[in-house]
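Engineer: The following comprises the amino acid sequence and a computationally predicted model.
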Amino acid sequence: MHSGNKFVTLSLMLESGEEFDLRFPDIAGEAFAQVWEARECTAEVAEALRAGGVLLFIHVDKIRSPGWIADDAAQSQGMGIARGGAPVPWRPEFSPTQVQLVDMLRCLQAQPLDIGPRRLAVILSAWDKVEMDEVSPEQFLKMHLPLLHQYLAHGLGAGWDLRVFGVSAQGADYDDEDGAPIADAERMRAIDVPSHRIRVAVGDATTHDLTEPVYWLMG
């Protein structure tokens, strides 16, 4: 397994009071990049990708959108920037986020990773950055990642179970590295119950239970 991979163990308790440990691999991003760019992965990564439940994390503030040549040319012309310089060779990592994610999901439905229907929890992380848009996680997906949204609606095999979550684990950005206070961070510190800083959006509902996506994934 990639040197950056490790296992994470969470100690959880059900509403019934039953306690249990949940252990899962935290696979380094480079391992997924290798699947997309080189079309290969280690046996250990392949084993992890054959799990019955999938947590697909998407940082809402780090989405690489498609670039259109006509739009870039018009913008350059409007800014008075002359064309020139050597062409930049295309590389797989330049691909839009949604293209890479759709391909990864397609790989999970093909050998040697296909195990049949699974549960898929799409996690839109840093949800606090887009909450002011007043859209549900599903609507955000449709607006900003339309290709992925279409694939989730029509490309998954029969029996797959899907749910989309918007998750804000800390509620807002922390203070700047130089120590300068941020208004949102001050607002979070004013909340008496720390767990209430957490927000998990599902459809039109919001909770403070960060374990909800995992609990749903476990069935």
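Structural biologist: Noted; the coordinates are in hand.
Engineer: going forward, measure contacts between C-alpha atoms and count neighbours the same way
Structural biologist: Fine.
Engineer: Can you name the element that comes right after the lowest-mean-pLDDT helix or strand in the chain?
Structural biologist: Lowest on mean pLDDT, DSSP states H and E among the helices and strands of the chain sits helix 183-189, with a mean of 65. Using DSSP states H and E, the next helix or strand after helix 183-189 towards the C-terminus is strand 199-202.
Engineer: Contacts for that next one, please.
Structural biologist: When contacts are defined by CA atoms under 8 Å, 6 or more residues apart in numbering, strand 199-202 is touched by residues 136-137, 164-169, 171, 206-210, 212.
Engineer: any idea of the mean pLDDT in the following helix or strand past it?
Structural biologist: Per DSSP H and E, the first helix or strand lying C-terminal to strand 199-202 is strand 205-207. In this model, strand 205-207 has an average pLDDT of 93.
Engineer: Run the chain-centre distance for the helix or strand following strand 205-207.
Structural biologist: Under the assignment DSSP H and E, the closest C-terminal helix or strand after strand 205-207 is helix 212-217. Computed by CA atoms, centre = their mean, to the nearest Å, the chain-centroid distance of helix 212-217 equals 15 Å.
Engineer: May I see the buried residues of helix 212-217?
Structural biologist: Buried positions in helix 212-217, judged by neighbour count with 16 or more other CA atoms under 10 Å: Glu212, Pro213, Leu217.
Engineer: Let me know the closest of those residues to Leu14.
Structural biologist: Within the buried residues of helix 212-217, proximity to Leu14 (CA to CA) peaks at Glu212, which comes in at 11.1 Å.
Engineer: Once you drop chain neighbours, what's closest to the closest one?
Structural biologist: Val200 (7.8 Å; CA to CA, 6 or more residues apart in numbering).
Engineer: can you give me the strands in this structure?
Structural biologist: 6-13, 19-26, 53-59, 119-125, 161-168, 199-202, 205-207 (DSSP state E).
Engineer: Please name whichever of the ones you listed is nearest to Glu93.
Structural biologist: That would be, of the strands of the chain and by CA to CA, strand 53-59, which comes in at 15.8 Å.
Engineer: is it true that Gln98 touches Leu147?
Structural biologist: Yes - at 6.4 Å, Gln98 counts as touching Leu147 under the criterion of CA atoms under 8 Å.
Engineer: So which of these two has more stuff around it?
Structural biologist: Gln98 (22 against 17; other CA atoms under 10 Å).
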